[in-house]
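# Here you go, sequence then predicted model.
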Amino acid sequence: MPDKATLDVCLSPGLLPLYPLDNKVVVVIDVLRATTTMCVAIDQGAIKVIPVETLEECFSYKGKEGYIIAGERNGRKVEGFDFGNSPFEFMNGIVKGKTLVLSTTNGTRAIRLAKNAHQVVIGGFLNFTALTRWIVNEGKDTLLLCSGWRDKFNLEDTIFAGAVIHHTQEHFLVDSDSAFAAEKLYLNSRRNMFHFVKQSSHYKRLAHLGVVNDVKYCLRPDLTDAVPVLKDGALVRASIKDDLEGEFFSLNNQLKK
Ligand code: MLT
């Protein structure tokens, strides 16, 4: 019986240098809202999503045929960009057949920091079951990277990481304080997640901007089976290799228990 692959949680991009990335799958998590937005864009038919760290690089694509640029800082759309970072902006066919170039406060920076991993994939509640099936199928050492807020810990990304740990740990070797803590946070919040997340700093930031509906949407599990993966610097839809036997849990069902 081969040794099980490891599954671990990095609570902030600031801690990422402590984690070797070679031959690892890194799941980048930014529930509010970057990785949710990326899942929506890929689900809605974007050819690819290019995550860039700086607004300058993002802006350099403005006006290019077939490209849409989206810039967010501190939860607000940046002036001069086509879009901000609300997932609702990328529905109704607006990105279909287009390339979305996106720069956000934390999420796109986390993706860039993880670029030397074997594979970078995108996770959020929106693609929870598809994402967890994908990492179990891959069967590689996996690191759940919480994007946090400007390198500080945040609640919502850690809760998501805890949900992944709780529902896939039978397939992995899980043995770290951060994984243990993340799972406990999830177990303590899953019965009324919106109420729990309302205590978070980013909820308060977004509520102040009047985008509470974004938060409610970002917490809805399994709205898409799209799993964005980073290929040549851009996020594209992963092919789902689904050789898992039998019924696989759905977070939807889990949260209803
Ligand atoms: C981030 O990158 O931290 C978030 O996506 C910010 C936001 O859009 O609210």
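Great, that's in hand.

# Output the lowest mean pLDDT helix or strand found in this protein.
helix 251-256 (a mean of 52; mean pLDDT, DSSP states H and E).

# which bits of the protein sit near the ligand?
30, 32-34, 72, 75, 85, 104-107, 147, 206 (C-beta under 6 Å from any ligand atom). Any C-beta I mention is one placed from the backbone N, CA and C, and that applies to glycine too.

# Helices - which of those residues land there?
34, 107, 206 (DSSP state H).

# avg pLDDT for the longest strand along the chain?
What stands out as the longest strand in the chain, according to DSSP state E, is strand 67-73. Taken as a whole, strand 67-73 has an average pLDDT of 97.

# Give me the pLDDT for whichever residue of the stretch 151-257 of the chain sits closest to the ligand.
In the stretch 151-257 of the chain, the residue found nearest to the ligand is residue 206; the distance is 5.9 Å by C-beta to the nearest ligand atom. Per-residue confidence at residue 206 stands at 96 (pLDDT).

# Chain neighbours aside, what residue packs nearest to it?
Nearest in space to residue 206, with sequence neighbours left out and distances taken as C-beta to C-beta, 6 or more residues apart in numbering, is residue 75 at 5.3 Å.

# Could you measure from that neighbour over to residue 122?
19 Å (C-beta to C-beta, to the nearest Å).

# So the two - more neighbours on which side?
residue 122 (29 against 20; other C-beta atoms under 10 Å).

# May I have the beta-bridge partners of the more buried one?
Beta-bridge partners of residue 122, counted by DSSP bridges, are residue 28.

# is it true that the residue of the stretch 151-257 of the chain closest to the ligand touches residue 212?
Yes: the pair residue 206 / residue 212 is scored as a contact, 6.9 Å apart, by C-beta atoms under 8 Å.

# Comparing the two, which residue is more hemmed in?
Using other C-beta under 10 Å, the more surrounded residue of residue 206 and residue 212 is residue 206, with 21 against 14.

# Contacts only, for the more buried one.
32-33, 75, 212, 214-215 (C-beta atoms under 8 Å, 6 or more residues apart in numbering).

# Now with 10 Å, please.
32-33, 75-76, 86, 200, 212-215, 218 (C-beta atoms under 10 Å, 6 or more residues apart in numbering).

# And residue 22, by the same measure?
Residue 22 touches 116-118, 141, counting by C-beta under 10 Å, 6+ apart.

# Could you identify which of those residues has the most neighbours?
residue 117 (25 neighbours).

# Look at that one and tell me its secondary structure.
coil (DSSP: H, G, I helix; E, B strand; the rest coil).

# Just read off the phi/psi values of it.
Note on residue 117: its backbone torsions stand at phi -70, psi 160 [degrees, to the nearest 10].

# State the distance from it to the ligand.
19 Å (C-beta to the nearest ligand atom, to the nearest Å).

# shouldn't that residue be in contact with residue 230?
Yes: here residue 117 reaches residue 230: they are 8.6 Å apart, a contact under C-beta atoms under 10 Å.

# list residues touching both of the two?
With C-beta under 10 Å, 6+ apart as the test, residue 117 and residue 230 both reach 26, 28.

# got a winner among the residues of the chain next to the ligand for most neighbours?
Neighbour max across these (other C-beta under 10 Å) = residue 30, 33 neighbours.
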